[in-house]
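Chemist: pasting the sequence and the predicted model now:
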Amino acid sequence: MLLKLAWRNIWRNTRRTLITLAALTLGCGVIIGMQSYSESAYGRLIRDLTTQMVGHLQVHGKGWQAEPSLENVVENPRIVEAAIAGSAPGAVSTRRVIGAGLAGSAQNSSGVMVLGLQPDRDDLLTVVRGEALDPAVHGRIALGSGVASMLEVEPGGEVVLVGQAADGSVANDRYTVAAVVEAGSVEMSATTVFLTLADAQDFFSLGEGVHQVIVRLPTDDEDISDHVATMRAALDLHTLEALTWAQILPELRATIDSKRSGLLWINIVVLLIVGLGVLNTMTMATFERTRELGVMMSLGTRRGRVLGLVVTESLLQGALGFVLGAVLGIGVILAIGELHFGAVSTGDMLGVRLPSTLPLHIKGSAVVGAGITALFTTLLGGLWPALRASRLPPAEATRYV
Amino acid sequence: MAVVEVVGVKKDYVDRGAGTTHALRGVDLAVESGEFMAIAGPSGSGKTTLLNLIGGLDTPTAGSVKVDGRELATMTSAQLSDLRRDRIGFVFQAYNLIPVLSAEENAEYVMELKGVGSGARHERIEGLFERLGLAELRHKRPPKMSGGQQQRVAVARAIAAEPAVVLADEPTANLDQATGRALIEMMRELNRERKVTFIFSTHDPMVLEQADRVVRLVDGAVTSDDRKAGGAL
């Protein structure tokens, strides 16, 4: 009877209820839509970051992240990879060498970063023109698109690299341009040339040593702390350091956290406004029914039941608004499906290339969060009028006109 | 045994601007089970205040009110609610049915509060509505009913939970003469058949004519207490 009464009561003033529901629906829909969009974007950004650029975890020679130097290497990357394979089943690792040099062509020269990688295991590069590097073929180089423009070289052309090797000798060699590539960020494409790992180790006289062992976990979860703890336990951290992507790019982590926090506050403000609407509706609804509530108490309805009735009316509106809002938010996300920002994205976010397409996903946490918040807000909005109604003196209330 | 016992009851209303109003000035009243009595008096004489005190809707400034032998002043809000639910039925001048409930749901509401099961509720409602000639109104909501129909449903609601006493505050005030008479006759029959105690506040001569006992209030004090010869007592 309480539920029946509450349901019928909320439809006594259809227009008022529809306006309240519209506000709740929009509020929940916007929250679900916005949060799903932003979480899809962060998820994609972090996935690109972990699968292409940085990995979930990187192992370096101790202190390399703070002060990168050519000589500070992981001397035996095979042992590191074996330890990781044993502690994190399904994890994939790849090695990189990073140094600096001068690249010259017949037309121009430019200071560059030299990155040696395992092209068959590393997803960092996207070939724009030419052919991908082949680990079995030596003497070939891939140029970041910006470097290729600077040097005015295309695939098939030649480039000379000059630098300093780890043993102090002058490193220099001539390479055939295999490809012009885009890398994980606009900055990287503008400043970096890429060699196979073996060529880079040879160029810098590193032997088997590498600067980074990049580990990718078979998960899209953002929280990888358990995996990281297990992997760290398997490594010799006296001579090595093992850092997560968030430790390697703390500005990006902080930016994502800050944007999430900003969105949370926007959500709170949106629902606070909706909550005030519910408060107004329920205050009016109980005010208009003062006499009726007095009569109900005269008939033997306990104060708690009157309180329960008004709160139930509030929560019913919250639940209905949430369901409609969820349909709206989910419907819009599903209808859009994927956002396209152009063939190649136009920029970086703190050193990470923004994706050119963004598939939108419904975030369960956004839906659950909107539901809990909508119910909590309507509960708060209905509580004061409910308390007021339950405290009415019945004799006075029955005389109310 | 007196179903209602009022001893030395005073009720003052304090208004900062207008000072203190003495609504009741030491009323004594005992109502036996099965009585069909009226509290008469002009407007402002304290009739409604007295009914409110008997119904536990208000508290006296001084004196004692007992219903079924229980002192209302010592009861909590929840206990008073339960007493009204279990032992007291109310009929209001303005009907005061719950507008979103149908006639039968209005009557069912009090039984549901009392914990009567769904089957028993429907059975009792069917009998009661049949008895009161309300069968065709069962599924109608109050806004679709006339004043007389609403007041008859209000009486059905008041007695549905089988209370010891029904308090009716000027039940005929908003009804025309014929409808008012039919309503009082209906209540009279319920009083005779089911031994339900009725206490009216009224200044309607037709109601006073039907009552077995008339207590007159003037300025918050009982001025007469007349029992009709051959009445219920």
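Modeler: Structure received. Numbering: from 1, shown residues only, chains lettered A, B, ... in the order given.
Chemist: count of residues packed around residue 59?
Modeler: No chain specified, so I'll use chain A. Other residues near A:Val59 number 29, with proximity taken as other C-beta atoms under 10 Å in any protein chain shown. C-beta here means a position set from N, CA and C on the backbone, and glycine is covered the same way.
Chemist: try chain B instead
Modeler: B:Thr59, neighbours per other C-beta under 10 Å, totals 14.
Chemist: give me every residue that touches it.
Modeler: B:Leu53, B:Leu72, B:Ala73 (C-beta atoms under 8 Å, 6 or more residues apart in numbering or on different chains).
Chemist: among the residues you listed, which are in helices?
Modeler: B:Leu53 (DSSP state H).
Chemist: just the buried members of the contacts of B:Thr59?
Modeler: Neighbour counting by 16 or more other C-beta atoms under 10 Å in any protein chain shown classes B:Leu53, B:Leu72 among these as buried.
Chemist: quick one, what contacts A:His15?
Modeler: If you look again at residue A:15, you'll see it is Arg, not His. So A:Arg15 contacts nothing (C-beta under 8 Å, 6+ apart).
Chemist: and the residue sitting nearest the centre point of chain B, what helix or strand is that in?
Modeler: In chain B, the residue lying closest to the centroid (C-alpha atoms, centre = their mean) is B:Leu167, at 1.3 Å. B:Leu167 belongs to strand B:165-169 when assigned by DSSP states H and E.
Chemist: could you pull out the buried residues of the next helix or strand after that strand?
Modeler: Moving toward the C-terminus from strand B:165-169, the next helix or strand (DSSP H and E) is helix B:177-194. For helix B:177-194, the buried set under the neighbour-count rule, 16+ other C-beta under 10 Å, comprises B:Thr179, B:Gly180, B:Arg181, B:Ala182, B:Leu183, B:Ile184, B:Met186, B:Met187, B:Arg188, B:Leu190, B:Asn191.
Chemist: pretty sure the first one is touching B:Gln150, no?
Modeler: No. B:Thr179 is not in contact with B:Gln150 according to C-beta atoms under 8 Å; the separation is 10.5 Å.
Chemist: sec struct for residue 4, please.
Modeler: I'll assume chain A. Assigned with DSSP: H, G, I helix; E, B strand; the rest coil, A:Lys4 falls in the helix class.
Chemist: you answered for a different chain; I wanted chain B.
Modeler: Under three-state DSSP, B:Val4 comes out as strand.
Chemist: list the contacts of residue 194.
Modeler: Since no chain was named, I'll use chain A. Applying C-beta under 8 Å, 6+ apart, the residues contacting A:Phe194 are A:114-117, A:124-125, A:133, A:141-144, A:181, A:183.
Chemist: please go with chain B instead
Modeler: B:Arg194 touches B:Ile159, B:Glu162, counting by C-beta under 8 Å, 6+ apart.
Chemist: distance of it from B:Gly34?
Modeler: 9 Å (C-beta to C-beta, to the nearest Å).
Chemist: and if you look at A:Ser36?
Modeler: In terms of C-beta to C-beta, A:Ser36 sits 70 Å off from B:Gly34.
Chemist: picking up where we left off before, in its sheet, which strands sit next to the strand holding B:Leu167, and in what direction?
Modeler: Applying DSSP bridges, strand B:165-169 is found paired with strand B:88-91 (parallel), strand B:197-202 (parallel).
Chemist: dump the residue contacts of residue 6.
Modeler: In the absence of a named chain, chain A is used. By C-beta under 8 Å, 6+ apart, the neighbours of A:Ala6 are A:Leu309, A:Thr312, A:Glu313, A:Leu316.
Chemist: wrong chain, I was asking about chain B
Modeler: B:Val27, B:Asp28, B:Leu29, B:Ala30, B:Leu50, B:Leu53, B:Ile54, B:Gly63, B:Ser64, B:Val65, B:Lys66.
Chemist: at 7 Å instead, please
Modeler: With contacts defined as C-beta atoms under 7 Å, 6 or more residues apart in numbering or on different chains, the neighbours of B:Val6 are B:Val27, B:Asp28, B:Leu29, B:Ile54, B:Val65.
Chemist: between the contacts of A:Phe194, which has the most around it?
Modeler: Most surrounded of the contacts of A:Phe194: other C-beta under 10 Å gives A:Leu143, at 31 neighbours.
Chemist: just confirm that residue is within a helix.
Modeler: No. A:Leu143: not assigned to a helix; according to three-state DSSP it is strand.
Chemist: got the contact list for it?
Modeler: A:Leu151, A:Val153, A:Val177, A:Val180, A:Val193.
Chemist: sec struct for the residue of chain B found nearest chain A, please.
Modeler: In chain B, the residue found nearest to chain A is B:Arg85; the distance is 2.4 Å by C-beta to the nearest C-beta. Secondary structure for B:Arg85, judged by three-state DSSP, is helix.
Chemist: so after the helix or strand containing A:Ile330, what's the next helix or strand?
Modeler: Assigned by DSSP H and E, A:Ile330 belongs to helix A:303-336. Counting by DSSP H and E, the next helix or strand C-terminal to helix A:303-336 is strand A:338-340.
Chemist: strands along chain B, start to end?
Modeler: B:2-15, B:19-32, B:36-40, B:62-67, B:70-71, B:88-91, B:165-169, B:197-202, B:213-218, B:221-227 (DSSP state E).
Chemist: on that earlier part again, nearest to B:Gly19 among the buried residues of helix B:177-194?
Modeler: B:Gly180 (36.6 Å; C-beta to C-beta).
Chemist: what number of residues lie near the closest residue in space to that closest one that isn't next to it in sequence?
Modeler: Residue nearest to B:Gly180 in three dimensions, not counting chain neighbours: B:Thr172, with 3.4 Å by C-beta to C-beta, 6 or more residues apart in numbering or on different chains. By other C-beta under 10 Å, the residues close to B:Thr172 number 23.
Chemist: what do you get for A:Val327?
Modeler: Neighbours around A:Val327, by other C-beta under 10 Å: 14.
Chemist: now the one 3 residues further on
Modeler: As a burial measure, the neighbour count of A:Ile330 was computed by other C-beta under 10 Å and equals 17.
Chemist: show me the contacts for it.
Modeler: A:Ile32, A:Ile362.
Chemist: circling back to that earlier point, does the residue nearest to B:Gly180 touch B:Leu208 like I think?
Modeler: No. Checked against C-beta atoms under 7 Å, the pair B:Thr172 and B:Leu208 is beyond contact range at 10.7 Å.
Chemist: find residues that contact each of those two.
Modeler: With C-beta under 7 Å, 6+ apart, B:Thr172 and B:Leu208 have common neighbours B:Thr202.
Chemist: what's the distance between the closest residue to B:Asp86 other than its chain neighbours and B:Glu130?
Modeler: Leaving aside its chain neighbours, B:Asp86 sits nearest to B:Lys114 (6.3 Å; criterion: C-beta to C-beta, 6+ apart). B:Lys114 is 21 Å from B:Glu130, where distance means C-beta to C-beta.
Chemist: okay, now A:Pro355: neighbour count?
Modeler: Neighbour count of A:Pro355, defined by other C-beta under 10 Å: 17.
Chemist: which residue packs closest to it, ignoring adjacent ones?
Modeler: A:Arg44 (5.1 Å).
Chemist: can you check B:His203 too?
Modeler: Per C-beta to C-beta, 6+ apart, closest to B:His203 is B:Ala40, 5.9 Å.
Chemist: what about the helices in the stretch 101-250 of chain A?
Modeler: For the stretch 101-250 of chain A, the helices defined by DSSP state H, counting those that start in this stretch cover A:145-151, A:186-191, A:197-203, A:225-233, A:245-248, A:250-288.
Chemist: for the closest residue to chain B within the stretch 301-401 of chain A, phi and psi?
Modeler: Closest to chain B within the stretch 301-401 of chain A is A:Ala395: 4.0 Å, counting by C-beta to the nearest C-beta. A:Ala395 adopts backbone torsions of phi -60, psi -40, taken as degrees, to the nearest 10.
Chemist: and the helix or strand bottoming out on mean pLDDT in chain B with strand B:36-40, angle?
Modeler: Lowest mean confidence among the helices and strands of chain B (mean pLDDT, DSSP states H and E): helix B:177-194, at a mean of 86. For helix B:177-194 against strand B:36-40, the angle by axes from the mean of the first three to the mean of the last three C-alpha atoms, to 10 degrees is 140 degrees.
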